[in-house]
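Peer 1: no letters, just coordinates:
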């Protein structure tokens, strides 16, 4: 026998486990996105909050009483998820784009952020959900009672009331702790969702375990079970088409519109793509939940004593058959079902109550200046917490006053029918741009009223029986369960028929005859065409966080980037991360000044005052001003862009002109230098040839003259060769004659061509290091040798010391080979090092050096063509030039 | 006392040609082969005629010309300028600085000799 104390201990340990899981998940989420928190499976499992204690326990009871009718509760959601998944996608997309916090927020946002609608839906949700919360409390206390009373059948009622009280208190604590830890813009609660997902697994496992025990442990197999079902009175049940249709409609509506379903489906959704998994996984989950309902009902009816409550078969059947462990698991399953529903429902309801009732009232009653100083977040959090306590308190009071007499499933259906009243306004608003605020209010009020009158009041036994029999004021036509003389109808079908059809009718007719405000048009378009706009869409003004609204407005006026930068800078200054600083007076002043730049001081002040709750102009005006101003900004920025473009073109022209002028100067200088280089040898040639022509010179003078003429002719020829060479190289017309040769051979050739040898005792001494010279080069070897010759003869000409020496150092690195030519002369000053590669530059005074100053220019061009480089290396003691050749052209020897 | 020509020129072969030409005609030819201290050389040698190249190592012939013309001692010195660049704007520049004659390389020996003689005669005629 499981004692009360053991049961409570198990329940408390389980609850602590949930606390732990929720706490860990919250901590984990704060450290950044984690894989399983963002998993589509967690999302799918959290949707199972649809399956409450009503489905866990009540489905079996329903099957025992009404046969297969319980299936409708599963068919509705399956239909929505499989056939209407695009509707879910639209809801989720809008929920994200508009930062929707609840079903009331969703519908009121659609109709121009109408506070009236928000209040109506909130009240409707409270009315529909409170009995449902009471139902969960009842189911837990009943299940506790089953253990404590079994098999005697009597137990202390006061104990049960205490159980219900402490359960409510514990759930309130959990919900406050994890439901209002922070005020996220997206209203997501990782801890809660994770705990709910865990509970989803527990309840599925529990129900499957009981089912497997019943089918294989009690009946003795599948065939025997099927035979037992055939034989049982359940099989005789005849379905009523109208009731089936109504119930499928109700459960389909409920899976979207129930506050707790909307919370997990839309508000807690982390990623729209999770729906792809959920659309098949969630129907599979509820299929598994319904799999063993009929067998448990049938076996329970057969095994349990006459008069046993079929709503509790899931628990009593294992107990009756001595399976206490299994019964305990079933208890935890039911406990999970009940608690998860209560937690999510109270979060959803508290958000609505707080956002749409408490906070607006608080904002209206405080003095006008308070908005500047008050810490809005603390107020909102406190309001949420009080709302949670109020919602759970209401549920508890409801449980105590109704005494838990009604059959479990009856209350569930009543709740479903209540929240289904938002369907016309919600679905109509999503697909029909013509739907108006007035239409929605009319439909909601008509549906709500009819639901209260025809279903809710009779169900909770609030009407005297005379009224049910004879109608209000004795008017037959107004009998709550037989309006206009529609007698002999199932009360549920009757209520649904009247409330939903008149609700829809009122919604459509009033929408058609009323005129939407601009704000409504704006929101209507945003909702209906949600898939047509970009992801960056922002919601119009009216949320709960002031700074966010200020940011939204500032983005419209200043442009997204500027506004974000402004807000981020302020946030950083206040020591906060992100884009939302506290709206301190300083910041408000700063913002006003910034906004004044684009809309003028008075308007900026009015706009900020508006957001702070001082209604001097309407939201509509505000939006109009903002949008017009944005258009003007757009136009002016277009003009700016054009003028920038013109300026750019002008600058490009100027640059081109400067370049051309520079080129022209360069060309003049070049021609002038070429002229000089050509005319100088010509002068000598002409002069000496004239002497020779005159005759009368002695033989020695004749020979001397002829020698000079010869020498200068050679100089001229070399100059012309160099010029042509340079021209070809610079134009890139050079054809490389690639050959393979050993570097040492090329250097040998260059040294001897330059006329350096041991023959002259005071001549240049060339020192070479043999180690790396063995490298095999694949390049234009003639050209490379030309460069070497130029460098060696330069050293020969310009290295003026007593013992001129030239070191040729070869270094092989990973991707290139360096050949350094370092002499022991005076070197080149840094200033000259930059011009040494220019054409016609000779640094020394010796015109007799015998070249036109084109050597290094040509050498550098050659190295560029060979894919390498030629540079002056400073700080080597003398003049040092480095020839660098990339490895592409280099191959190792053997 | 023989007539003296100072030749400021850096090309050895041209120096040799002009020296041969003028010395054969009885001139004393003094050589200065860079631009740096050419003005000092002129003041020191005090030639009858100066033959000045434009492109000189160290200092341009134009600068030297300008200095000489602003110096009282050399204000009236006959100066024959030689250039290998052969651009009209060079000639205009030299004339604006007060050159006596401007000649483009290559020149004929007769032309060179005739010019030096003319410049000398013209300056000698002056009081």
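Peer 2: Nice, thanks for sending it over. What you are looking at is a predicted structure, and each value in this text was computed from that prediction instead of being measured. Residues are numbered from 1 along each chain as shown, chains lettered A, B, ... in the order given.

Peer 1: please count neighbours and contacts with C-alpha atoms only from this point.
Peer 2: Will do.

Peer 1: identify the residues contacting stretch A:238-247?
Peer 2: With contact meaning C-alpha atoms under 8 Å, 6 or more residues apart in numbering or on different chains, stretch A:238-247 is reached by A:68-69, A:72-73, A:76, A:490, A:492-493, A:496.

Peer 1: name the residues of it that are buried.
Peer 2: Neighbour-count burial for stretch A:238-247 flags A:243-244, A:246-247 (criterion: 16 or more other C-alpha atoms under 10 Å in any protein chain shown).

Peer 1: ok now it, how far from the chain's centre?
Peer 2: On the basis of C-alpha atoms, centre = their mean, to the nearest Å, stretch A:238-247 sits 44 Å off its chain's mean C-alpha point.

Peer 1: ok, back up a step: mind picking the lowest-pLDDT entry from the contacts of stretch A:238-247?
Peer 2: Least confident entry in the contacts of stretch A:238-247, by pLDDT: residue A:490, with 76.

Peer 1: report the central residue of chain B.
Peer 2: In chain B, the centroid-proximal residue (C-alpha atoms, centre = their mean) is residue B:51; its distance is 1.6 Å.

Peer 1: neighbours of residue 42, how many?
Peer 2: Here I'm looking at chain A. 20 (other C-alpha atoms under 10 Å in any protein chain shown).

Peer 1: you looked at the wrong chain, it should be chain B
Peer 2: So residue B:42, with other C-alpha under 10 Å, has 24 neighbours.

Peer 1: what pLDDT is listed against it?
Peer 2: Confidence for residue B:42, expressed as pLDDT, is 90.

Peer 1: now it: how far from residue A:261?
Peer 2: 109 Å (C-alpha to C-alpha, to the nearest Å).

Peer 1: same question for residue A:313.
Peer 2: 27 Å.

Peer 1: residue A:521 too?
Peer 2: In terms of C-alpha to C-alpha, residue A:521 sits 28 Å off from residue A:261.

Peer 1: so whatever residue of chain B ends up closest to chain A: helix, strand or coil?
Peer 2: Nearest residue of chain B to chain A: residue B:106, at 4.0 Å (C-alpha to the nearest C-alpha). Three-state call for residue B:106 (DSSP: H, G, I helix; E, B strand; the rest coil): coil.

Peer 1: contacts only, for it.
Peer 2: A:679-680, A:682-684, A:686-687, B:84.

Peer 1: mind running it again at 10 Å?
Peer 2: A:678-687, B:14, B:82-84, B:86 (C-alpha atoms under 10 Å, 6 or more residues apart in numbering or on different chains).

Peer 1: can you list the residues that contact the longest helix along chain B?
Peer 2: When chain B is parsed with DSSP state H, its longest helix is helix B:109-125. For helix B:109-125, contacts defined as C-alpha under 10 Å, 6+ apart pick out A:683, A:686-691, B:3-5, B:17-18, B:21-22, B:25, B:27, B:48-51, B:76-80, B:82, B:100-103, B:108.

Peer 1: element containing the residue in chain A positioned nearest to chain B, please.
Peer 2: Proximity of chain A to chain B (C-alpha to the nearest C-alpha) peaks at residue A:683, 4.0 Å away. Assessed by DSSP states H and E, residue A:683 sits inside helix A:619-694.

Peer 1: so what's the model's average confidence on the helix or strand following that helix?
Peer 2: Going down the chain from helix A:619-694, the next helix or strand is helix A:699-731, by DSSP H and E. When pLDDT is averaged along helix A:699-731, the result is 86.

Peer 1: shaky segments in chain B?
Peer 2: For chain B, applying pLDDT under 70 flags the ranges B:1, B:86, B:126-127.

Peer 1: the host helix or strand of the residue nearest to the centre of chain B and chain A in contact?
Peer 2: For residue B:51, the element it lies in under DSSP H and E is strand B:49-53. No: using C-alpha under 10 Å from any C-alpha of the partner chain, strand B:49-53 stays clear of chain A, coming no nearer than 11.0 Å.

Peer 1: which strands border that strand, and is each parallel or antiparallel?
Peer 2: Strand partners for strand B:49-53, identified by DSSP bridges, are recorded as strand B:4-8 (parallel), strand B:79-83 (parallel).

Peer 1: returning to what we had before: now which of the contacts of helix B:109-125 would you call buried?
Peer 2: Buried by 16+ other C-alpha under 10 Å: A:683, A:686-689, A:691, B:4-5, B:17-18, B:21-22, B:27, B:48-51, B:77-80, B:82, B:100-103, out of those.

Peer 1: how about residue A:390, what does it touch?
Peer 2: Counting by C-alpha under 10 Å, 6+ apart, residue A:390 touches A:172, A:346, A:349-350, A:353, A:384, A:396.

Peer 1: of those, which belong to helices?
Peer 2: Residues of the contacts of residue A:390 located in helices (DSSP H): A:172, A:346, A:349-350, A:353, A:384, A:396.

Peer 1: could you list the low-pLDDT ranges of the stretch 101-250 of chain A?
Peer 2: Residues of the stretch 101-250 of chain A that meet the criterion pLDDT under 70 lie in A:149-160, A:182-188, A:235.

Peer 1: one more: the stretch 701-850 of chain A?
Peer 2: Using pLDDT under 70, the stretch 701-850 of chain A drops low at A:757-762, A:840-850.

Peer 1: for it, which segments count as helices?
Peer 2: Ranges of helices within the stretch 701-850 of chain A are A:743-753, A:781-798, A:830-835, based on DSSP state H, counting those that start in this stretch.

Peer 1: for the first one, packing partners?
Peer 2: Identification of packing neighbours for helix A:743-753 by 3 or more C-alpha pairs under 10 Å, 6 or more residues apart in numbering or on different chains; DSSP states H and E yields strand A:765-768, strand A:776-780, helix A:781-798, strand A:805-812.

Peer 1: where's the spatially most central residue of chain A, which helix or strand?
Peer 2: For chain A, the residue nearest the mean C-alpha position is residue A:271 (8.3 Å; C-alpha atoms, centre = their mean). Taking DSSP H and E as the definition, one finds residue A:271 inside no helix or strand.

Peer 1: let me know whether it touches residue A:42 as I believe.
Peer 2: No: counting by C-alpha atoms under 10 Å, residue A:271 does not reach residue A:42; the two are 11.5 Å apart.
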